[in-house]
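Undergrad: need a 3D model of the following:
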Amino acid sequence: MTPACHCGNPATQSLAASWLCEDCHRRELGRLRLGRPPTGTFVAIAPGWPEPYANLVCPACGATWIGPPGEECSSCATTERLRETDMATARSTTERTVTESSRINERITELATRYRAQPIARNGNGKGAVIRIVDDDHPPDDHPPDDSLPQPINWHELYQRDVQVEWLVPDFWPVGRQLHLHAPKKSGKSLVMFWIVANLARGRDPFTGRPTPPVTVGYCDYEMTPDDVLERAEAMGFVPDDLANLKYYLLPTLPPLDTPHGGDALIKLLHRDGVQAVVLDTLSRVVAGEENSNDTVQNFYRYTGVALKRHDIALARLDHEGHETGRSRGASTKTEDVDVVWQISPTDTGIDLVRKATRVPWIPDRINLHRTDDPLTFRRVGGSWPPGTIDKAAELDRIGVPDDASYRTARKALTDHGLKPGRNDLIRAALKFRRERSDDHD
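TA: Predicted coordinates for the structure are as follows:
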């Protein structure tokens with residue numbers, strides 16, 4: 001027989017020796033748990049019905065619950081499982097700790113037999129010291145090498161060098177050196193510079209026309225247009241094949257060259273194209289700083305000038321003159337970070353290159369260039385030699401120094417023959433005089 005709840009619904013739950021439907025069981029059970037008396041009339045259990053639930057109490061932990069008689073206390077069972085889990089975890093942790101401690105002790109024993117403690121500083125109160133562990137077989141290096149730091153000159157290697165002046169353009173632009181050229185606006189500085197680099201790229205001395213090894217030259221032009229460049233090249237009689245080694249960058253989009261990014265970008269560009277010398281036309285167009293500020297020029301040198309020197313790339317930078325004739329416009333330091341400063345001065349027959357400053361002694365005071373217009377050319381005319389040049393050349397002739405000898409070889413030969421070598425610039429001038437004399441005889 002199916003039991004029934006006092007409300008008439010089928011009874012499915014037992015409570016306090018009575019059977020209840022699910023809804024009444026939930027309500028009455030809640031009241032009992034809160035310690036309140038029941039509200040309904042329970043139906044007594046008839047013989048043969050399922051065993052009712054009872055109010056149970058755990059003798060071990062005192063927990064109370066309603067369930068079939070003899071049911072295991074769930075609180076105690078859960079506690080036992082947790083205890084067993086904690087014990088297993090503790091045993092595992094202990095085993096790992098013992099193993100690790102044993103390994104550490106073995107390592108300490110090994111190090112103790114190999115190393116010793118060396119005091120390197122003491123506290124001011126004398127109660128403590130800073131020590132380091134020393135391996136006697138491999139002593140510490142207090143100053144490990146750092147390749148990023150500057151290295152000093154090796155004097156023995158330096159003195160083994162055969163010092164000989166190499167020129168991009170004789171008397172005007174030494175190999176690897178940096179020039180600063182200034183002139184008034186519209187005085188022809190860009191024109192003569194284009195003539196110089198185009199001839200270098202073609203393999204011809206721009207001032208004498210003699211054949212020379214071709215040079216890959218870069219030209220950063222921030223002022224002209226493609227039509228201007230074409231008109232200038234055609235007026236000088238060049239054809240495309242003549243200019244294969246002239247890397248002409250028209251209005252290039254480079255970061256300012258007085259910044260680290262600008263210097264890096266220029267070096268990458270020149271390396272990509274194999275450039276050996278570069279022209280910047282003009283200086284004021286390639287910097288972001290104030291033209292009158294010495295910081296701008298110093299930053300240009302720091303980020304671009306030094307990088308070019310390290311990579312052995314020669315530089316010629318063009319600049320405008322200011323209100324004061326004979327000097328660059330703006331900052332006074334523009335002429336302090338280069339090897340030679342040239343003033344470009346127009347004349348009735350061409351252009352004079354006037355040396356304004358130099359840190360190398362073999363640069364002449366002036367170079368006179370004669371201009372022709374059909375085709376457009378610039379050729380060197382005149383010229384003078386320092387006093388004593390011819391006499392020194394005669395001495396070199398007399399002791400049999402070859403015409404193509406280096407400066408160092410000539411100086412040693414003079415000394416070995418009991419002659420006073422004299423000034424270095426005079427020896428170089430005498431060597432050049434003899435070479436040009438030989439060319440004229442040929």
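Undergrad: so how far is Pro255 from the residue nearest in space to the middle of the chain?
TA: By Cα atoms, centre = their mean, the chain has its centre lying nearest to Asp264, at 7.6 Å. When Cβ to Cβ, to the nearest Å is the yardstick, Asp264 and Pro255 sit 8 Å from each other. All C-beta atoms are positioned from the backbone trio N, CA, C, and that covers glycine.
Undergrad: the stretch 201-350 of the chain: helices as residue ranges?
TA: With DSSP state H, counting those that start in this stretch as the criterion, the stretch 201-350 of the chain has helices at 226-235, 260-272, 294-300, 306-310.
Undergrad: so which of those gets nearest His323?
TA: helix 294-300 (18.5 Å; Cβ to Cβ).
Undergrad: for that closest one, the averaged confidence score.
TA: Helix 294-300 shows a mean pLDDT of 92 in the predicted model.
Undergrad: and if you look at stretch 214-227?
TA: 95.
Undergrad: ditto for stretch 333-344
TA: Taken as a whole, stretch 333-344 has an average pLDDT of 89.
Undergrad: quick one: buried residues of it?
TA: Residues of stretch 333-344 classed as buried: Thr333, Lys334, Thr335, Val338, Asp339, Val340, Val341, Trp342, Gln343, Ile344 (neighbour count, 16 or more other Cβ atoms under 10 Å).
Undergrad: show me the contacts for the second one.
TA: When contacts are counted by Cβ atoms under 8 Å, 6 or more residues apart in numbering, Lys334 is found next to His180, His182, Leu283, Val297, Asp319, Ser328.
Undergrad: closest to Asp312 among these?
TA: Nearest to Asp312, judged by Cβ to Cβ, of the contacts of Lys334 is His180 at 18.7 Å.
Undergrad: how many other residues sit next to the closest one?
TA: Neighbourhood size, His180 [other Cβ atoms under 10 Å]: 24.
Undergrad: I'd like to know how far the closest residue to it other than its chain neighbours sits from Arg366.
TA: Leaving aside its sequence neighbours, His180 sits nearest to Val338 (Cβ to Cβ, 6 or more residues apart in numbering; 4.4 Å). Val338 sits 18 Å away from Arg366, going by Cβ to Cβ.
Undergrad: cool, and Leu419?
TA: In terms of Cβ to Cβ, Leu419 sits 30 Å off from Arg366.
Undergrad: ok, Asp312 next?
TA: From Asp312 over to Arg366 (counting by Cβ to Cβ), the distance is 28 Å.
Undergrad: how about Arg329?
TA: 22 Å.
Undergrad: those two: which has the busier surroundings?
TA: Under the neighbour definition other Cβ under 10 Å, Arg329 and Arg366 were set side by side, and Arg329 has more, 19 against 15.
Undergrad: residues in contact with the residue lying closest to that one once chain neighbours are set aside?
TA: Nearest non-adjacent residue to Arg329, counting by Cβ to Cβ, 6+ apart: Gly322, 3.4 Å away. Gly322 is in contact with Ser328, Arg329, Gly330, counting by Cβ under 8 Å, 6+ apart.
Undergrad: can you map out the strands along the stretch 201-350 of the chain?
TA: All strands of the stretch 201-350 of the chain, identified by DSSP state E, counting those that start in this stretch, fall at 217-221, 246-250, 277-281, 314-320, 340-346, 350-358.
Undergrad: in JSON lines: those strands, plus distance to Asp374.
TA: As requested, the strands of the stretch 201-350 of the chain are arranged in JSON lines below (distance: least, Cβ to Cβ, whole Å):
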{"stretch": "strand 217-221", "distance to Asp374": "24"}
{"stretch": "strand 246-250", "distance to Asp374": "22"}
{"stretch": "strand 277-281", "distance to Asp374": "25"}
{"stretch": "strand 314-320", "distance to Asp374": "26"}
{"stretch": "strand 340-346", "distance to Asp374": "19"}
{"stretch": "strand 350-358", "distance to Asp374": "14"}
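Undergrad: least trustworthy helix or strand in the chain by mean pLDDT?
TA: strand 43-44 (a mean of 40; mean pLDDT, DSSP states H and E).
Undergrad: closest one to Tyr219 among the helices of the stretch 201-350 of the chain?
TA: For the helices of the stretch 201-350 of the chain, proximity to Tyr219 was assessed by Cβ to Cβ; helix 226-235 is nearest, at 9.3 Å.
Undergrad: can you pull the contacts of Ala277?
TA: Listed by Cβ under 8 Å, 6+ apart, the contact set of Ala277 reads Leu168, Trp173, Val197, Leu200, Val215, Thr216, Val217, Gly218, Ile313, Ala314, Leu315, Ala316.
Undergrad: try it again with 6 Å
TA: For Ala277, the contacting residues are Leu168, Val217, Ala314, by Cβ atoms under 6 Å, 6 or more residues apart in numbering.
Undergrad: ok so, going back, what's the closest of the contacts of Gly322 to Ile399?
TA: Of all the contacts of Gly322, Ser328 has the smallest distance to Ile399: 44.9 Å, by Cβ to Cβ.
Undergrad: surely that closest one touches His182?
TA: Yes: the pair formed by Ser328 and His182 meets the contact definition of Cβ atoms under 6 Å, at 4.3 Å.
Undergrad: which residues are common contacts for the two?
TA: Here Ser328 and His182 have Asp319 as joint contacts, going by Cβ under 6 Å, 6+ apart.
Undergrad: show me the shaky parts of the stretch 251-400 of the chain.
TA: Low-confidence regions of the stretch 251-400 of the chain, defined by pLDDT under 70, span residues 324, 326, 383-385.
Undergrad: can you do 90?
TA: In the predicted model of the stretch 251-400 of the chain, residues 282, 291-293, 320-337, 345-351, 359-366, 374, 381-393 satisfy pLDDT under 90.
Undergrad: same deal with the stretch 51-200 of the chain?
TA: Applying pLDDT under 90 to the predicted model, the residue ranges of the stretch 51-200 of the chain that meet it are 51-166, 184-188.
Undergrad: can we see that at 80?
TA: Of all residues in the stretch 51-200 of the chain, those with pLDDT under 80 make up the ranges 51-99, 101-102, 104-148, 161-165.
Undergrad: thinking again about what came up before, need the max-distance pair from the contacts of Lys334.
TA: Among the contacts of Lys334, the pair separated by the greatest distance (Cβ to Cβ) is His182 and Val297, at 12.9 Å.
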